[in-house]
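**Student:** Predicted model follows, preceded by the sequence.
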Amino acid sequence: MKIKEKDGTIVDIFAIFSLLSPIDQRMKTYFYGVPKSYGGLIAFTLDEVDIIENVFRSEMVVFVNRGVGVYHWALIQEKLLDDLLERDEDAYNRFLEIIKEEGLVDPDFY
């Protein structure tokens, strides 16, 4: 899946999740993406981006915690999610290795 930020940057998405907003008690949906050279996952909302490719090209798993979402398998099975949100370098390198092997990003992606 791919999104385009308002500045034109294209970002690969590896999770979609929804949770109840504590402020207005409405469900809010987020996309977790890996921008080039960011070093981790970042959350985007639908009002911040345009969806340009709506198909995931990898194995995905459903995961329920504070909300419910669909995540790239490695984020959950290899327990990389929290570390990638904190921009942990080891977790980022491991995730890059996996998504490059799966052909989800270019070999020169960093």
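**Tutor:** Yep, that arrived.
**Student:** so for the biggest helix by length in the chain, what's the average pLDDT?
**Tutor:** Longest helix in the chain, counting residues (DSSP state H): helix 89-101. On average, the pLDDT along helix 89-101 is 97.
**Student:** Enumerate every residue touching residue 48.
**Tutor:** With contact taken as C-beta atoms under 8 Å, 6 or more residues apart in numbering, residue 48 is in contact with 5, 6. For glycine as for every other residue, the C-beta is placed from the backbone atoms N, C-alpha and C.
**Student:** Could you find the closest non-adjacent residue to the most centrally placed residue in the chain?
**Tutor:** Nearest to the mean C-alpha position of the chain, by C-alpha atoms, centre = their mean, lies residue 32 at 2.7 Å. Closest residue to residue 32 apart from its sequence neighbours, by C-beta to C-beta, 6 or more residues apart in numbering: residue 15 at 3.9 Å.
**Student:** just the helices in the chain please.
**Tutor:** Here the chain has its helices, by DSSP H, at 73-77, 81-85, 89-101.
**Student:** Next, format these as JSON lines and append mean neighbour count and distance to residue 46.
**Tutor:** Listed next are these as JSON lines, based on neighbours: other C-beta atoms under 10 Å; distance: least, C-beta to C-beta, whole Å:
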{"stretch": "helix 73-77", "mean neighbour count": "18", "distance to residue 46": "20"}
{"stretch": "helix 81-85", "mean neighbour count": "18", "distance to residue 46": "19"}
{"stretch": "helix 89-101", "mean neighbour count": "15", "distance to residue 46": "23"}
